[in-house]
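K.L.:
Provided below are the primary sequence and the corresponding predicted coordinates.
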Amino acid sequence: MTQDHFPPSFEGTWARLSQVAIHGAEYDSRERQPHPKCLEGTRVDLLNYIHRLLDNREQNRLIWLHGTAGVGKSAVAFTVAERMRSLKVTEETNVEKRLAGTFFFSRKHTERCTTGYFFATLVYQLASNFPSIRADVSKSIRDDPALLDPSKSLRVQVETLFLKPLRRLHLRLRGCQPLTFVVDALDECTSEFELADLILSLARVLREPDLPMTHILLTSRSESHICRSMQNEEVRSLVCEIPVTISGKGVGSIISLDDANVDNDIYIFLRHSFGQLGSRHPDFPQPSTEQLERLASRAGRRFIVASTMMMFIDGEDNDPHDQLQLMLELTSELLPGTEVYKLYDCILSTCANPMRAYLHLSVVATLIDPLPISQISTLLGPVGRDVETTLMQLRSVMDIPADSTLPVNIYHSSIRDYVSDPSNCSLPQKALYFSMPSRN
């Protein structure tokens, strides 16, 4: 049955699923722009290792990539998803790709910090990729419209909404390359109970006997509740964990997000970024190799530090050469293990009023639902004067849309960590006069 010949009831059900699916959670959504991705020539060993796992046809796997904040997990997830989207399931098709679905969690968005919409979002993408199962998906929803209710149990959603269409693909995809689902930032799910249930549900999916070969790439911080879930006896035998030690030529080496190759990867990123800056500012003198190496080493193998450095240097209202010199001075005292928070200290110290900047940054970072500048000013009351001027000085760490009616957002979750405990900020204590704003 072609889509042109689907009955009207199908069209209405498919439209409803499209409305319920969280399109902002897809890896290439506009909501996630600018998309973090690995530059060509970086993360080579890590990406090759993941791609080999995804090509394996012996057993369905949960591939768990974990590490600290800012080491580039989301960039790897995006890059892997992009590659899988470019690969066909078979040579005979131009439509059906190996990327079966993606879900990128985010605390900044209420529908992306919960598992309630997870399977509806994945099955929408799966059926978009494989039109032959759309009628089956629609029938399941017509038979039980509550399947799309975010409060519906995951067990029921998995069995009726997700597994049924996957089973329909079993015979068709026999002998084909494995399907891939990519799920990023598990730690951004706000309910530990929901997340444990989700991880267990995904493991049970992969244990089903009548499915096409399927792998699921998961990324997260190395948080204790996630580690416990991965150690569940129903889960752990399916998990391929990264970091991992592999042997080659008689020598063991570690594949991880912060291995010894990352310093060079960050150097490549910085050289590329300064090249782009130079194309927009032809009179900008490119930093020396020694300066690039210095900045790369100060990043502490965290891409978020290198990215924030570039955002600071390439600010709209300042001379990039002056900003580079200031950044070289600011980062001269960064110590290993302190890079992220110390860099945020440094950026705050350049603001006209670091005390006010810290307060405003705290508000933006801790809001459950992001707000535009005008509403942030109202929320702050008397201390919200000049909020726009203050936030503009923090554009290296937050996205401030040109349209003032749109919400302001932090660039990275490590900023939320930074403001969650005043002791993370080592500015003079008078700069922390204001107490931490509560979430609302």
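P.N.:
Yes, it's here.
K.L.:
how about residue 101, secondary structure?
P.N.:
When classified by DSSP: H, G, I helix; E, B strand; the rest coil, residue 101 comes out as strand.
K.L.:
what about it, distance to residue 318?
P.N.:
From residue 101 across to residue 318, the span is 42 Å (Cβ to Cβ, to the nearest Å). Every residue, glycine included, has its C-beta placed from N, CA and C.
K.L.:
residue 418 and residue 176: what is the separation?
P.N.:
Residue 418 is 46 Å from residue 176, by Cβ to Cβ.
K.L.:
residue 411 too?
P.N.:
Counting by Cβ to Cβ, the gap from residue 411 to residue 176 is 39 Å.
K.L.:
cool, residue 126 as well?
P.N.:
15 Å.
K.L.:
so the two - more neighbours on which side?
P.N.:
residue 126 (22 against 19; other Cβ atoms under 10 Å).
K.L.:
quick one, what contacts the more buried one?
P.N.:
100, 101, 133, 162, 165, 166 (Cβ atoms under 8 Å, 6 or more residues apart in numbering).
K.L.:
tell me which of those is nearest to residue 424?
P.N.:
residue 101 (36.0 Å; Cβ to Cβ).
K.L.:
count of neighbours near the closest one?
P.N.:
If we define neighbours as other Cβ under 10 Å, then residue 101 has 27 of them.
K.L.:
correct me, but it touches residue 119?
P.N.:
No - using Cβ atoms under 8 Å, residue 101 and residue 119 do not qualify as a contacting pair, with a distance of 9.4 Å.
K.L.:
can you map out the strands along this protein?
P.N.:
61-66, 99-104, 179-184, 214-220, 239-242, 244-248, 251-255, 398-399, 409-410 (DSSP state E).
K.L.:
any chance of those in CSV, with distance to residue 376 and mean pLDDT too?
P.N.:
Shown next, in CSV, are those (distance: least, Cβ to Cβ, whole Å; pLDDT from 0 to 100):
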stretch, distance to residue 376, mean pLDDT
strand 61-66, 33, 97
strand 99-104, 25, 98
strand 179-184, 28, 98
strand 214-220, 30, 97
strand 239-242, 39, 96
strand 244-248, 43, 63
strand 251-255, 42, 64
strand 398-399, 11, 88
strand 409-410, 12, 88
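K.L.:
adding distance to residue 154, write the ones you listed out as JSON lines.
P.N.:
Below are the strands of the chain laid out as JSON lines (distance: least, Cβ to Cβ, whole Å):
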{"stretch": "strand 61-66", "distance to residue 154": "16"}
{"stretch": "strand 99-104", "distance to residue 154": "13"}
{"stretch": "strand 179-184", "distance to residue 154": "14"}
{"stretch": "strand 214-220", "distance to residue 154": "15"}
{"stretch": "strand 239-242", "distance to residue 154": "19"}
{"stretch": "strand 244-248", "distance to residue 154": "29"}
{"stretch": "strand 251-255", "distance to residue 154": "31"}
{"stretch": "strand 398-399", "distance to residue 154": "32"}
{"stretch": "strand 409-410", "distance to residue 154": "28"}
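K.L.:
which one of these lies nearest to residue 304?
P.N.:
strand 409-410 (11.2 Å).
K.L.:
please name the strands paired to that closest one in the sheet, noting orientation.
P.N.:
Using DSSP bridges, strand 409-410 pairs in its sheet with strand 398-399 (antiparallel).
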